[in-house]
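Colleague: Generate coordinates for the sequence data below:
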Amino acid sequence: MEIRQYIDSGVLEAYLLGLASEEEQHEVQQMKVLYPEVSSALNELEVVIEAYCVENSVPPPPGTWELIQARIPGQEVRKREPETNDKKDAEPKTAKSDYVEVEVSDSFIRVHKYWRVAFMVVFILSKIFLIAGLYYYFKADSQQQEIERLKSTIQQQQVTR
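Modeller: Model prediction:
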């Protein structure tokens, strides 16, 4: 297999994301040692993936840091200073300005009240249809048995004549 083909195969991305099997991990580690192109491609991919994660990260709700510090008694936890990137500051972020930042302190997901009613209606209707289906199934079954019984009585009457 050519090195360029190996780099483009997606194994390196899977390795960096932790999705590669043990066999693939050992293979990537060996290829990294043997071929400098693979090592440089791994470094480039790592930088690209990290930049993507930083660019698309969502900040945690306010107060989360204080909750973490409160849960770790006796340990000094230091905040990492936010990295400044001149390239990011030069580009205006118009996509993020469309959103409204909201402080959320709840630990559960809220559902709009109309969705709650809709879910309840669907649940109740499903139970009604289940009961109706069972009722008509058993009714049809009993009618089929009645038809079979009547056929047998008619046959018996015809035989006796």
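Colleague: alpha carbons only for contacts and neighbour counts from here, please
Modeller: Fine.
Colleague: so where's the protein uncertain?
Modeller: For the chain, the stretches with pLDDT under 70 are 1, 74-109.
Colleague: Mind jotting down where the helices sit in it?
Modeller: 3-8, 11-17, 22-34, 36-55, 64-71, 86-90, 113-160 (DSSP state H).
Colleague: among the ones you listed, which is the most enclosed?
Modeller: helix 11-17 (a mean of 17; mean count of other CA atoms under 10 Å).
Colleague: other SSEs contacting that helix?
Modeller: helix 22-34, helix 36-55 (3 or more CA pairs under 8 Å, 6 or more residues apart in numbering; DSSP states H and E).
Colleague: what's Leu134 in contact with, if anything?
Modeller: Neighbour list for Leu134: empty [criterion: CA atoms under 8 Å, 6 or more residues apart in numbering].
Colleague: What distance do you get for it to Ala140?
Modeller: Noted for Leu134: a distance of 10 Å to Ala140, by CA to CA, to the nearest Å.
Colleague: coming back round to it: let's have the helices and strands packed on helix 11-17 in a markdown table, adding distance to Ile3.
Modeller: Shown next, in a markdown table, are the helices and strands packed on helix 11-17 (distance: least, CA to CA, whole Å):
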| stretch | distance to Ile3 |
| --- | --- |
| helix 22-34 | 9 |
| helix 36-55 | 7 |
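Colleague: Ok, which of those comes nearest Leu16?
Modeller: helix 36-55 (6.9 Å; CA to CA).
Colleague: and the angle for that closest one with helix 22-34?
Modeller: 120 degrees (axes from the mean of the first three to the mean of the last three CA atoms, to 10 degrees).
Colleague: I would like the residues contacting helix 36-55, please.
Modeller: Ile3, Ile7, Leu12, Glu13, Leu16, Met31, Lys32, Val33.
Colleague: and if we set it to 7 Å?
Modeller: Residues outside helix 36-55 that contact it (CA atoms under 7 Å, 6 or more residues apart in numbering): Ile7, Leu12, Leu16, Met31, Lys32.
Colleague: ok, the first one - contacts?
Modeller: Taking CA under 7 Å, 6+ apart as the contact definition, Ile7 lies against Val38.
Colleague: Quick check: it vs Arg149, distance?
Modeller: From Ile7 to Arg149 the distance is 76 Å (CA to CA).
Colleague: just the fourth one next, same as before
Modeller: For Met31, the distance to Arg149 under the criterion CA to CA works out to 79 Å.
Colleague: With Ser21 instead?
Modeller: With CA to CA as the criterion, Ser21 and Arg149 are 65 Å apart.
Colleague: go on, Pro62?
Modeller: From Pro62 to Arg149 the distance is 75 Å (CA to CA).
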